[in-house]
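>>> What follows is a predicted structure for the sequence shown.
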Amino acid sequence: LAVLLGVSCTEIEKPGDDGWTELGGDRPVLFHSSFGTLATKSEPLPNNTYFGVFAFYQPGGTWNNNRKPDFMFNQEVLFDGTDYTYPPVRYWPSNVENTLSFWAYSPYDPYVDLLQRGSKTNAYTSNTANTPDIRFTVIDGHTDFLYSNIVKSQTYATNSGIVPFVFNHALSLIDVRAEKVDPDGKYTVTLKSVSFKDLYMTAILKSSDWTWYTYSGARQNLPVWEDDPADDADDKVLSHASSIPVESVMPLPQDFNLNNDYAKLRVEYSVSYLNDPLDPSS
């Protein structure tokens, strides 16, 4: 993916405007993104994706766990399908001994709940070392949550000024299908709605190993699919077909124990029996 930075209508922060006099030069920080899973590794982010960037300035050194995000802190970046844009534009250090490291997440949230690594409660700021933990709440079951690998110790020469973010999926993906166990039965099944019940919707993503912990909040229902009575085209009817796709949903990774009072699947449907003219008793 060839990435260009569109700045024709963007405020440009010239070197030295904010006190970063040691960052002299005119080479802007650019971005590139892809997914880390094998199935989608070559694919860029979807069009019109917003993500938040944290950049760590390392004068005369390289990445370590004591670096602080004092160069960019939750900087909003837009990928419109071609370009990555963000105001004000930042510039690479002209001294190759001064490096930058980067980390990002998506979707961007100006009020993202950032926590010091492993603290569960202490706020993460631009003066906090290392990458943050993030407390995240599922938005709608169809919006993915992504985090990038740390892009460590970059200079302009590393990749011609382009920061190569590789994003990872943090949520589970569940594909729901409906099956008619008796495909030759003289009845049809029409789905009305499908939802998961009593799921945790909020948890903290640990940046130490990128796993979820400290699930919190009341367990809630997560809709998967609901019939639109005004749109016959979206009807999901099982007659002779043995299986049909319903919808996909993205909850937090968590245990599904159907033997207790939590994490249940709720399916609303109707059954219509078919009369067989050759069998008056049907």
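Here it is on my side, so go on.

>>> Quick one: residues in contact with stretch 127-139.
Contacts with stretch 127-139, where a contact means Cβ atoms under 8 Å, 6 or more residues apart in numbering, come from 54, 65-70, 103, 105, 107, 112-120, 124, 145, 147, 150, 170-171, 201-207, 217, 222, 250-252. To be clear about C-beta, it is placed using only N, CA and C from the backbone, and glycine gets the same treatment.

>>> Equivalent analysis for stretch 173-182, please.
The contact list for stretch 173-182, computed with Cβ under 8 Å, 6+ apart, reads 189, 191, 194, 224-225, 236, 238-239, 241-251, 267.

>>> quick one: average confidence on it?
Mean pLDDT, stretch 173-182: 91.

>>> can you map out the strands along the stretch 1-150 of the chain?
Assigned by DSSP state E, counting those that start in this stretch, the stretch 1-150 of the chain shows strands spanning 30-35, 49-58, 72-79, 84-85, 99-106, 113-115, 133-137, 146-148.

>>> on contacts alone, who are the packing partners of the first one?
For strand 30-35, the packing partners by 3 or more Cβ pairs under 8 Å, 6 or more residues apart in numbering; DSSP states H and E come out as strand 72-79, strand 84-85, strand 162-169.

>>> Report the angle between that strand and strand 49-58.
Orientation check (axes from the mean of the first three to the mean of the last three Cα atoms, to 10 degrees): strand 30-35 against strand 49-58 gives 120 degrees.

>>> Give the burial count for the nearest residue to K152 once chain neighbours are set aside, as a bare number.
Once flanking residues are discounted, K152 sits nearest to W63: 4.0 Å by Cβ to Cβ, 6 or more residues apart in numbering. The local packing of W63 (other Cβ atoms under 10 Å) involves 18 other residues.

>>> Drop anything exposed from the contacts of stretch 173-182.
V189, L191, V194, V224, W225, K236, L238, V246, E247, V249, M250, P251 (16 or more other Cβ atoms under 10 Å).

>>> Pretty sure the first one sits against Y273.
No: the pair V189 and Y273 fails to qualify as a contact (Cβ atoms under 8 Å) at a distance of 10.7 Å.

>>> and D232, which of the strands of the stretch 1-150 of the chain is closest to it?
strand 49-58 (33.5 Å; Cβ to Cβ).

>>> which residues touch the closest one?
29, 31, 33, 45, 63, 67-79, 86, 90, 93, 98-109, 112, 131-132, 146, 153, 165, 167.

>>> of those, buried ones?
Looking at the contacts of strand 49-58 with 16+ other Cβ under 10 Å, the buried ones turn out to be 29, 31, 33, 45, 63, 67-69, 71-75, 77, 79, 86, 90, 93, 98-106, 108-109, 131-132, 146, 153, 165, 167.

>>> Run through the bridge partners of the nearest residue to S119 once chain neighbours are set aside.
Nearest non-adjacent residue to S119, counting by Cβ to Cβ, 6+ apart: D133, 7.3 Å away. Beta-bridge pairing for D133 (DSSP bridges): L115.
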